[in-house]
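Visitor: Fold the following, please.
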Amino acid sequence: MDHLPLDKIMRFISLREIDSESIMLVTEVNKHISECAKCRDKIRSIQSTIDRLLGYSTNGTDDTDVEIIIDEQLDADISEFFKDLE
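Guide: Below is the predicted model of the structure:
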């Protein structure tokens, strides 16, 4: 089974608007992850990371530092995602 490409995963995870294109994307991703446990687990993992990072306390932390932390964690999760798919 082919796995979801990174661009679709990132668009799916970052959806903020409902339009015909996003509905098609959600339909496609949901169909795939209903059959592919590896992609489903990885999407859940990335979403969990994003949720944790969004809850990250910025007390005394520069916004740029928070963005760097988020980017680094997402890069690590995405790299792990593709490593597992090889």
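
Visitor: And for the closest residue to L4 other than its chain neighbours, the neighbour number?
Guide: Spatial nearest neighbour of L4, excluding adjacent residues (Cβ to Cβ, 6 or more residues apart in numbering): C39 at 5.1 Å. Just so you know, the C-beta spots here come from the backbone N, C-alpha and C atoms, and that holds for glycine as well. Per other Cβ atoms under 10 Å, the neighbour tally for C39 reads 21.

Visitor: what ranges do the strands span in this structure?
Guide: With DSSP state E as the criterion, the chain has no strands.

Visitor: C-alpha coordinates for stretch 29-48, PDB please?
Guide: Output of stretch 29-48 as PDB, limited to C-alpha atoms (Å, rounded to 0.1, in the frame of the first residue of the first chain):
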ATOM      1  CA  VAL A  29      -7.100  11.100   4.000                       C
ATOM      2  CA  ASN A  30      -9.800   9.600   6.100                       C
ATOM      3  CA  LYS A  31     -10.300   6.800   3.500                       C
ATOM      4  CA  HIS A  32      -6.600   6.100   3.500                       C
ATOM      5  CA  ILE A  33      -6.100   6.100   7.300                       C
ATOM      6  CA  SER A  34      -9.100   3.900   7.700                       C
ATOM      7  CA  GLU A  35      -7.100   1.200   5.900                       C
ATOM      8  CA  CYS A  36      -3.500   2.200   6.800                       C
ATOM      9  CA  ALA A  37      -2.600   1.900  10.500                       C
ATOM     10  CA  LYS A  38       0.900   3.200   9.900                       C
ATOM     11  CA  CYS A  39      -0.300   6.500   8.400                       C
ATOM     12  CA  ARG A  40      -3.100   6.800  10.900                       C
ATOM     13  CA  ASP A  41      -0.700   6.400  13.900                       C
ATOM     14  CA  LYS A  42       1.800   8.800  12.400                       C
ATOM     15  CA  ILE A  43      -0.900  11.500  11.800                       C
ATOM     16  CA  ARG A  44      -2.100  11.000  15.400                       C
ATOM     17  CA  SER A  45       1.500  11.400  16.600                       C
ATOM     18  CA  ILE A  46       2.100  14.600  14.700                       C
ATOM     19  CA  GLN A  47      -1.300  16.000  15.800                       C
ATOM     20  CA  SER A  48      -0.400  15.200  19.400                       C
END
